[in-house]
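Chemist: dropping the sequence and predicted coords here.
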Amino acid sequence: MGKNVIVGQSGGPTSVINSSLAGVYEASCRLGAEHVYGMLHGVQGLLAGKYVDLKEKLKSGLDVELLKRTPSSYLGSCRYKLPDWKDDPEPYEKLMELCKELDIGYFMYIGGNDSMDTIGKLADYGAHVGSDIRFMGVPKTIDNDLMVTDHTPGYGSAAKYISVVIKELIRDASVYGTKYVTVVEIMGRNAGWLTAAAALARGADSEGVDIICLPEVPFDMDKFLAKVAKVQESKPSVVVAVSEGVKLADGRYVCELSDSAHATDAFGHKNLTGTASYLCGVIGEKLDTKTRAIELSTLQRCAAHIASLTDIEEAYAVGAAAANAAFDGHTGEMVALKRVSDVPYRCVTELHPISDVANLEKKVPLEWLNEDKTDMLPAFLDYARPLVDGELTPVYVNGLTTHIYLPEV
């Protein structure tokens, strides 16, 4: 079989996806890989013959340390949906030929749900044609919606950023003592893990958010407005955390009630934005109060300066575990995190078939919400707090953080 490794990154970036890349790279080097190639812009770029030799790019331990502290996808990303190989085998044949040219024995893909769909299809095709290439999935997504894993690398850092920013917004929103509603829009199409993280802002130094709206709970405009009005009776400044993907009972996204157009990506996902702006318009009109809409947008996935040390270490660990598993003969599997202890917090890695993960979504358990489904209970806080713990100081030069990047991307 081939003796080289190829690794790619796909889907939305995170603050720690490069730490997983570092884990794959260093473990592969230790295991004797002659070359560790990186796909430029994932499988889509590889189909165009775009790749680099990472041993030529990461020349020192400092480069690897910078990689761990660099946000977004060092190798570039894509949102490319492979067809079913039974309907269209051509891209699979091309990928296999490229792998043969590069003497690839181990194929790693770092990504979320759609990326696991890709690695699953490749593993199935490989088995169909009798390939000895070992295909492994490395979990990544700030959405925390992958099945079988306790949580996904990327989530902890995004949750940390969200809860810190929410605390700061609460302080800012309360300075005037006048009626004021701040609606913070947080990423999350079908699962509200990121928005739930806003609950971490509550503590001895912060009253926390007043209302949390998750996609798991059908959105009722009348009940929402009544809740805002009720809260504002006792405090003028109200802060709401809302998932971009909140839906009405009939299945329509709240953001679709506005006049804005919403395009779709290669996987058919609508581009969701404008939920906070729409809600602020309704609140201002119905409740006669000043409002402000804030979209955290891509900031929540690229704020590596405030990444969680736990997240960085676990992202590295799943990357290294994928390489170890592939060299041990595993294929068609994803590395998952298994929580074995809450106090002290400890997770280990384990392997699961890709079929247990691809095209499935893990939602926030409804029993982790309060009675009216507008706040998180202690069970969620106990789950999430360890994931935001710790910091890895960025490397600063001339007062600014320093990153490593590929000019080719």
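Modeler: Now that the structure is in, tell me what you want to look at. Numbering: from 1, shown residues only.
Chemist: state the three-state secondary structure for residue 337.
Modeler: strand (DSSP: H, G, I helix; E, B strand; the rest coil).
Chemist: was I right to think it contacts residue 311?
Modeler: No: at 10.7 Å, residue 337 does not count as touching residue 311 under the criterion of C-beta atoms under 8 Å. C-beta here means a position set from N, CA and C on the backbone, and glycine is covered the same way.
Chemist: in the stretch 1-150 of the chain, what residue spans correspond to strands?
Modeler: Applying DSSP state E, counting those that start in this stretch to the stretch 1-150 of the chain gives strands spanning 4-9, 36-39, 51-53, 104-111, 134-139.
Chemist: which neighbours do residue 337 and residue 311 share?
Modeler: residue 153 (C-beta atoms under 8 Å, 6 or more residues apart in numbering).
Chemist: quick revisit: could I get the strands of the stretch 1-150 of the chain as JSON lines with mean neighbour count, mean pLDDT and distance to residue 185?
Modeler: Output for these, formatted as JSON lines (neighbours: other C-beta atoms under 10 Å; pLDDT from 0 to 100; distance: least, C-beta to C-beta, whole Å):
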{"stretch": "strand 4-9", "mean neighbour count": "26", "mean pLDDT": "98", "distance to residue 185": "26"}
{"stretch": "strand 36-39", "mean neighbour count": "26", "mean pLDDT": "98", "distance to residue 185": "32"}
{"stretch": "strand 51-53", "mean neighbour count": "17", "mean pLDDT": "98", "distance to residue 185": "36"}
{"stretch": "strand 104-111", "mean neighbour count": "27", "mean pLDDT": "98", "distance to residue 185": "24"}
{"stretch": "strand 134-139", "mean neighbour count": "29", "mean pLDDT": "98", "distance to residue 185": "25"}
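Chemist: adding distance to residue 186, write those strands out as CSV.
Modeler: Formatted as CSV, the strands of the stretch 1-150 of the chain follow (distance: least, C-beta to C-beta, whole Å):
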stretch, distance to residue 186
strand 4-9, 23
strand 36-39, 30
strand 51-53, 34
strand 104-111, 21
strand 134-139, 21
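Chemist: out of these, which is closest to residue 401?
Modeler: strand 4-9 (20.3 Å; C-beta to C-beta).
Chemist: show residues contacting the closest one.
Modeler: With C-beta under 8 Å, 6+ apart, strand 4-9 has contacts from 17, 21, 24-25, 28, 33-39, 42-43, 45-46, 51, 54, 73-77, 99, 102-111, 140, 323, 326.
Chemist: residue 210 and residue 290: what is the separation?
Modeler: Taking C-beta to C-beta, to the nearest Å as the measure, residue 210 falls 16 Å from residue 290.
Chemist: who has more neighbours out of those two?
Modeler: residue 210 (22 against 15; other C-beta atoms under 10 Å).
Chemist: what residues are up against that one?
Modeler: Counted by C-beta under 8 Å, 6+ apart, residue 210 has contacts 231, 235, 238-240.
Chemist: how does it look with 10 Å?
Modeler: 170, 181-182, 227-228, 230-232, 234-235, 237-241, 374-375 (C-beta atoms under 10 Å, 6 or more residues apart in numbering).
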